[in-house]
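**Student:** Would you be able to build a 3D model of this:
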Amino acid sequence: MRNGVEISMTHTVQREKCFLGIDVGTTTIKAVICDRNARVLAQANRHCPTISPDLGRHEQEARLWQLYSVEVVRSALKDLPSGYSVVALSLSTQGGTMVPLNADFQPLRNAVLWKDASCAEDLAMIESILPPGYVYQQTGWSPYRGLNLLQIMRLRRENPDLFNATRYFASVPDYMNYYLCGRFAADYSNAGINQLGDVVNKVWDNKLLQQAGVTVKQLPELVDSGTALGTLTPQAAEDLGLSTDVQVVAGGHDQNCVALGCGAILPGSTSIGSGTAWVVLAVTEDQERLSKGGFSFSRHVIDDTWTSMISLSTGGTYLEWWRNRLVAAPELPPFDLIDAQVEDSLDLADELLFVPNSRYSFTGAHNLPQGATFLGLDEKHQAYDLARAIMEGVAFQALLNLQRLNNGWPERITFTGGATKSPIWPDIVAAAADRPLILPEVKDSGAYGAALLAGIGTGYFNNLEELSDMLIRRGTVIEPQPDRWTNTVRRFALYREINN
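**Tutor:** A predicted model of the protein is given here:
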């Protein structure tokens with residue numbers, strides 16, 4: 001009451017801005033929220049099941065990407081400290097997965113995953129029609145049986161009624177962007193792995209579209225990663241528990257978002273990502289060199305830069321195979337026990353080697369039957385000797401891939417993913433490479449990279465050199481200890497010799 005007049009005062013609380021990243025991966029959906037200092041405030045994840053109707057077939061319900069994204073975002077928001085407000089979000093997505101949609105952007109069937117292997121006939125067809133190397137030069141990826149181009153060709157060949165009923169041929173980012181903000185758009189880092197886009201000229205490739213039997217109108221709009229696409233639709237905002245003012249920023253292929261999240265931002269940066277696949281990645285400005293090197297290449301999520309990569313597609317599954325199939329025990333050994341036993345085995349001066357199945361490994365180079373190989377195996381070896389050989393062999397092949405990709409050794413190596421949880425695997429990598437290893441502070445680098453990209457796209461992280469330095473400084477440095485791991489270093493020298 002002032003001078004007999006009642007005065008009502010409304011206080012506006014200024015909330016701190018923060019950024020949301022959603023990683024729509026093949027097996028897991030993750031959410032990470034970070035602040036303007038790139039510190040993680042909250043995160044959540046959940047498993048996303050896949051379906052294998054036949055040998056070599058791999059599918060997923062596309063609607064689960066939406067439903068589980070809502071679930072992990074709401075879960076992360078529950079842990080978000082008070083006083084923060086999400087202002088932008090972006091996506092990290094699996095690449096090369098295809099889902100046919102109707103005119104209302106609803107799935108007509110399950111999405112076919114990138115790791116599907118059912119298009120051998122279509123692969124032979126495309127290679128007989130187009131000039132050698134055409135798909136690789138245009139898209140940055142050699143023809144692969146599970147990616148969008150060949151899956152669309154197979155759909156047209158095997159199910160013409162469904163093909164004709166399809167209004168849009170979508171992938172994960174454009175399906176999700178349409179749900180989030182009503183804009184059917186994909187980024188260039190995903191256009192290449194879809195094997196339909198000319199990544200150099202930033203357009204859909206007419207020859208590839210002709211082979212697939214589709215038109216530009218059936219594909220998403222192409223935009224740069226970091227482009228502001230619009231704000232959340234009322235429905236998406238209600239589902240996610242966010243404001244309709246939240247900006248949706250175009251994201252990127254998950255491996256590129258992982259690179260961003262671990263600080264591999266500027267040209268000259270390199271990283272090794274460990275998971276189901278062990279992916280070696282390098283950042284460069286020299287696209288012409290990439291297209292001559294034979295390695296997969298893509299536009300980075302950072303303007304005017306490119307990434308090249310080599311994937312050891314089953315790197316992370318070999319130790320699971322050993323644990324699930326070869327250990328004769330009532331219960332599977334926990335991974336900390338495996339690490340302890342393997343550490344003892346590392347001291348053995350034997351020459352047992354494990355060579356993963358890779359086009360760049362001994363087995364691939366000599367055109368031997370597909371499959372991994374143990375060399376030097378005899379009756380003296382125990383179960384954990386094989387586990388040690390697997391851990392070393394996967395690390396050794398990743399390092400050889402890194403040397404090929406980088407045309408030599410980088411000064412330092414960023415190491416991300418599941419293997420960073422082991423106290424042994426990073427030491428093996430550092431000792432064999434004789435280089436410092438940087439383990440990023442944030443382990444879910446894909447979702448974290450998408451959150452950073454949301455901040456970049458809305459102008460909050462505008463000094464990329466400072467951002468890269470900050471992310472690397474916050475990581476844990478693993479110094480090489482070749483004297484401690486003498487036998488590992490010797491076995492790596494032998495591994496390199498047989499792979500030359």
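
**Student:** what about stretch 232-244, start to end distance?
**Tutor:** This stretch, stretch 232-244, spans 5 Å end to end (Cα to Cα, to the nearest Å).

**Student:** buried set for that stretch?
**Tutor:** The neighbour-count check on stretch 232-244 (16 or more other Cβ atoms under 10 Å) flags 232-233, 236-237, 239-240, 242 as buried. Bear in mind the C-beta positions are built from the backbone N, C-alpha and C, glycine included.

**Student:** what's the weakest-modelled helix or strand in the protein?
**Tutor:** Across the helices and strands of the chain, mean pLDDT, DSSP states H and E gives its lowest value to helix 362-365, namely a mean of 52.

**Student:** returning to that earlier point: as TSV, the buried residues of stretch 232-244 with pLDDT, secondary structure and distance to residue 136 would be great.
**Tutor:** Below are those laid out as TSV (pLDDT from 0 to 100; DSSP: H, G, I helix; E, B strand; the rest coil; distance: Cβ to Cβ, whole Å):
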residue	pLDDT	secondary structure	distance to residue 136
232	98	coil	37
233	98	coil	38
236	98	helix	37
237	98	helix	41
239	98	helix	40
240	98	helix	38
242	98	coil	40
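
**Student:** Switch the residues you listed over to CSV, and while doing so, append distance to residue 30 to every line.
**Tutor:** Listed next are the buried residues of stretch 232-244 as CSV, based on distance: Cβ to Cβ, whole Å:
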residue, distance to residue 30
232, 19
233, 22
236, 18
237, 20
239, 17
240, 15
242, 17
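
**Student:** contacting residues for residue 380?
**Tutor:** By Cβ atoms under 8 Å, 6 or more residues apart in numbering, residue 380 lies in contact with residue 350.

**Student:** how near is it to residue 69?
**Tutor:** Here residue 380 is placed at a distance of 51 Å from residue 69 (Cβ to Cβ, to the nearest Å).

**Student:** what do you get for residue 83?
**Tutor:** From residue 83 to residue 69 the distance is 25 Å (Cβ to Cβ).

**Student:** And these two? Which one has more around it.
**Tutor:** Legend: neighbour count by other Cβ atoms under 10 Å for residue 83 and residue 69, higher for residue 69 (26 against 10).

**Student:** That one sits in which helix or strand?
**Tutor:** Per DSSP states H and E: residue 69 is located in helix 62-79.

**Student:** If you average the pLDDT over stretch 444-452, what comes out?
**Tutor:** Stretch 444-452 carries an average pLDDT of 94.

**Student:** Show me the beta-bridge partners of residue 278.
**Tutor:** On the basis of DSSP bridges, residue 278 is bridged to residue 312.

**Student:** contacting residues for the spatially closest residue to residue 56 that is not a sequence neighbour?
**Tutor:** In space, and not counting its chain neighbours, residue 56 is closest to residue 117: 4.1 Å by Cβ to Cβ, 6 or more residues apart in numbering. By Cβ under 8 Å, 6+ apart, the contact list for residue 117 reads 56-58, 145-146.

**Student:** Can you tell me how far the closest residue to residue 182 other than its chain neighbours is from residue 425?
**Tutor:** Setting aside the residues directly before and after it, residue 182 is nearest to residue 233 in space (Cβ to Cβ, 6+ apart), at 5.2 Å. Residue 233 is 43 Å from residue 425, where distance means Cβ to Cβ.

**Student:** got it, and residue 383?
**Tutor:** 18 Å.

**Student:** So which of these two has more stuff around it?
**Tutor:** Between residue 383 and residue 425, counted using other Cβ under 10 Å, residue 425 has the larger neighbour count: 22 against 16.

**Student:** and the more buried one, what is it in contact with?
**Tutor:** Residues in contact with residue 425, defined by Cβ under 8 Å, 6+ apart, are 274, 391, 395, 419.

**Student:** sorry, back to before: in ChimeraX, how would I select just the buried ones from the contacts of residue 117?
**Tutor:** Typed into ChimeraX, the line below selects the buried ones among the contacts of residue 117, using 16+ other Cβ under 10 Å:
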select :58,145,146
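
**Student:** ok, back up a step: which positions within the helix or strand just after the least confident helix or strand of the chain qualify as buried?
**Tutor:** Where DSSP H and E defines the elements, the next helix or strand beyond helix 362-365 is strand 373-375. Neighbour-count burial for strand 373-375 flags residue 373 (criterion: 16+ other Cβ under 10 Å).

**Student:** Tell me the strands beside strand 373-375, with direction?
**Tutor:** Sheet pairing for strand 373-375, using DSSP bridges, gives strand 353-355 (antiparallel).

**Student:** remind me which residues of this protein are low pLDDT?
**Tutor:** 1-13, 291, 328-329, 359-370 (pLDDT under 70).

**Student:** From the contacts of residue 117, which land in strands?
**Tutor:** Among those, no member falls in strands (DSSP state E).

**Student:** want to try TSV for the contacts of residue 117, with distance to residue 316 as columns?
**Tutor:** As requested, these are exported to TSV (distance: Cβ to Cβ, whole Å):
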residue	distance to residue 316
56	20
57	22
58	16
145	21
146	18
